[in-house]
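Novice: Turn this into a structure:
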Amino acid sequence: MSPRLHSARLATCAIAVLILIAAIVFTARRQWSLARHYPQDSNLERRSDWQPFGGAWQFVDGAMLNNSDERGAKLMNGDVQLTNYLIEADVQLLGQYGDAGLIVRASNEEVGVDAYNGYYAGLRDLDNTLILGQASFGWIEYQKNRVSPRVMAQHWYNLRVLAYDCNIAASATSLAGDVTVDAVRVPNCIRSGRFGLKS
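Specialist: The predicted structure is shown next:
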């Protein structure tokens, strides 16, 4: 590959990342999240729109809680035909040495760690990062960025994930307003799928 072609590709990727970051910042002004659209219900089994894959999920005080230490527990919603969309949720880690976050463009979900095809963005306290990657019954980590202030258990973070064409971007905002962003363009990407929570 010639240096000129390589520079042009890098510039195109940089522009795509800047567009995604601008889209996240613009949509940050909107006040909608997964948890806010659903009424309080103490029995998740009655909610046919959410489908659990492992874990012990329940609605508590208007939030979805996984009261389980099972690794990779997922709570999924939506249609596998969804393509370009943005999801948002307030996320809190209840214990140490784990991660929690959002799944986009998922299909073929099963019980187990990384047991689905799709993308994941989450907060990991072990190395204090916002992670972004792909699960395909295994894990490919695309990017991670340090979160400021550090990821702490029992603290809320607003997490947004945008899937647009083959661009996947995520942002995490602390209660103090500090923002951490990850963005990647994925060649031969997964173009559609459901969304959900993972802990």
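
Novice: so where do the helices sit in this structure?
Specialist: For the chain, the helices defined by DSSP state H cover 3-27.

Novice: shaky segments in it?
Specialist: Residue ranges of the chain with pLDDT under 70: 1-48.

Novice: Of all residues in it, which one is nearest the centre?
Specialist: Leu102 (2.7 Å; CA atoms, centre = their mean).

Novice: was I right about it contacting Ala121?
Specialist: Yes - the criterion here is CB atoms under 8 Å, and Leu102 meets it with Ala121 at 5.7 Å. (C-beta placed from N, C-alpha, C; glycine too.)

Novice: what residues are shared contacts of these two?
Specialist: Common neighbours of Leu102 and Ala121, counting by CB atoms under 8 Å, 6 or more residues apart in numbering, are Leu159, Val161, Ala170.

Novice: can those go into TSV with extra columns for neighbour count and distance to Gly112?
Specialist: Converted to TSV, these look like this (neighbours: other CB atoms under 10 Å; distance: CB to CB, whole Å):
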residue	neighbour count	distance to Gly112
Leu159	25	22
Val161	27	21
Ala170	29	23
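
Novice: So which of these sit within strands?
Specialist: Among the shared contacts of Leu102 and Ala121, the members found in strands (DSSP state E) are Leu159, Val161, Ala170.

Novice: The closest residue to Leu102 other than its chain neighbours and Ala89, how far apart?
Specialist: If the residues on either side of it in the chain are set aside, Leu102 comes closest to Val161, at 4.8 Å by CB to CB, 6 or more residues apart in numbering. For Val161, the distance to Ala89 (CB to CB, to the nearest Å) stands at 9 Å.

Novice: who touches both of the two?
Specialist: What both Val161 and Ala89 touch, as defined by CB under 8 Å, 6+ apart, is the set Leu102.

Novice: right, and Cys166 touches Val184 too?
Specialist: No - counting by CB under 8 Å, Cys166 stays clear of Val184, with 9.1 Å between them.

Novice: who's in contact with the closest residue to Gly95 other than its chain neighbours?
Specialist: Spatially, and ignoring its direct neighbours in sequence, Gly95 is nearest to Ala153 (5.9 Å; CB to CB, 6+ apart). For Ala153, the contacting residues are Gln92, Leu93, Leu94, Gly95, Gln96, Asp125, by CB under 8 Å, 6+ apart.
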